[in-house]
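> Build me a model:
(one chain, ligands or ions: 2)
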Amino acid sequence: MSSVPPVFISSAEVERLLPRASLLLPGLEAALCNFSAGAAGGVEQPLRAVVPVRPHGGFLGVMPAYSAADDALTTKLVTFYEHRGDSAAPSHRATVLLFDPRCGSLRAVLDGTVITAKRTAAVSAIATKLLMPRSAEVLCILGAGVQARSHYEIFTELFPFTEVRLWSRTEQNALRLASSVGGAVRVCGTAREAVVGADVIVTVTMATTPILFGEWVKPGAHVNAVGASRPDWRELDDVLMKSSVLVVDSREAALAESGDVILSGVSLGAPVLRSSV
Ligand SMILES: NC(=O)C1=CN([C@@H]2O[C@H](COP(=O)(O)OP(=O)(O)OC[C@H]3O[C@@H](n4cnc5c(N)ncnc54)[C@H](O)[C@@H]3O)[C@@H](O)[C@H]2O)C=CC1
Ligand SMILES: O=C(O)C1=NCCCC1
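Ligands and ions are numbered 1, 2, ... in the order given. Okay, here's the model as predicted:
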């Protein structure tokens, strides 16, 4: 068994096997339920280790997990880099290692960059399905990178938004993304213009100071706060953090990694357990 070399699954192959992020929804909903169920859910997923690569403004994240329900043993390795200037290279790159849980031999090496784009957007879509206002019409995406595209794709596939607004600090990037997707997108000159009146907001930037302010946000709107995944990065201001009902996938991770949670000083309250999503 251990002499069989691991298979390599390239980004093109991942794209072929997973043409739409929505294909991930049943598996991710089950995984989130199992993770949230604690020991009974059979998921071992410690807080990831993140190694700063200081001279280069980068980070290496190591994300191991075992799921008894899937009998799957994996680690994702992800690198992400700030301050890329005008570089066309992706800021985030990932590789997923899949092991045989019976003996620990390496079975597969998968490109994780496409998986990260699709998985993250699919989890935001699950949260949105459960938490957005019933009559949501206007979607707002702040940021115009890889996650902006993957969120646009799954959100417009799943939900009947009548208007999609997009803002990026570099307007040209927003215009490029808007012209490359299938549907109508309104590119906004300011984040405020994109946000005011929106029912669902997605923040997918590498901002380190707030780009989304509570005074702009419609009461009852649902915000998917995706960026700000370092303890000293922010996307949401204190007003928004303190006036919102916060829902996180992992309290431990949010309290250790989310700059929006840590720097705003909000508390996460008591756990609410549900039997299914
Ligand atoms: N929560 C999660 O599971 C995941 C979170 N992320 C986070 O989502 C964010 C977006 O990731 P990608 O789309 O892959 O990155 P990307 O590099 O493709 O796009 C980043 C976007 O942020 C914009 N941006 C950069 N600095 C900014 C600033 N100071 N103010 C405003 N906009 C700024 C860029 O212009 C670009 O539009 C990152 O913070 C990333 O770390 C990414 C993957 C998973
Ligand atoms: O889960 C991931 O993948 C990432 N999370 C935060 C920042 C980089 C990638």
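> drop to CA atoms for contacts and neighbour counts, all remaining ones
Will do.
> Could you list the contact residues of the protein toward ligand 1?
Residues of the chain lying close to ligand 1 by CA under 6 Å from any ligand atom are 91-92, 116, 120, 143-148, 168-170, 204-208, 226-229.
> For whichever residue of the stretch 1-150 of the chain sits closest to ligand 2, list the residues it contacts.
Nearest residue of the stretch 1-150 of the chain to ligand 2 (CA to the nearest ligand atom) works out as T116 at 5.3 Å. Taking CA atoms under 8 Å, 6 or more residues apart in numbering as the contact definition, T116 lies against A94.
> quick one: what helix or strand has it in it?
Applying DSSP states H and E as the criterion places T116 in helix 113-131.
> tell me which residues in that helix are buried?
113-119, 121-129, 131 (16 or more other CA atoms under 10 Å).
> any idea how far V239 is from P219?
Counting by CA to CA, to the nearest Å, the gap from P219 to V239 is 13 Å.
> Inside helices: which ones of the residues of the chain next to ligand 1?
T116, T120, V146, Q147, A148 (DSSP state H).
> just checking, the last one touches V204?
Yes - contact status for A148 versus V204: in contact at 6.0 Å, counting by CA atoms under 8 Å.
> Mind listing the shared neighbours of these two?
I141, L142.
> just to revisit the earlier point, include pLDDT when you put the ones in helices among the residues of the chain next to ligand 1 into TSV, please.
Output for those, formatted as TSV (pLDDT from 0 to 100):
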residue	pLDDT
T116	98
T120	98
V146	97
Q147	98
A148	98
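> State the pLDDT value of T75.
Looking at T75, its pLDDT is 98.
> That one is in what secondary structure piece?
Element membership for T75, per DSSP H and E: strand 72-81.
> Now stretch 60-73: buried residues?
Neighbour counts over stretch 60-73 (16+ other CA under 10 Å) mark L60, G61, V62, M63, P64, A65, Y66, S67, L73 as buried.
> in terms of contact, does the fifth one touch V43 like I think?
So the one you mean is P64. No - at 10.7 Å, P64 does not count as touching V43 under the criterion of CA under 8 Å.
> So which residues of the protein form helices?
Counting by DSSP H, one finds helices in the chain at the ranges 11-17, 25-36, 113-131, 146-158, 171-180, 191-195, 238-243, 251-257, 259-264.
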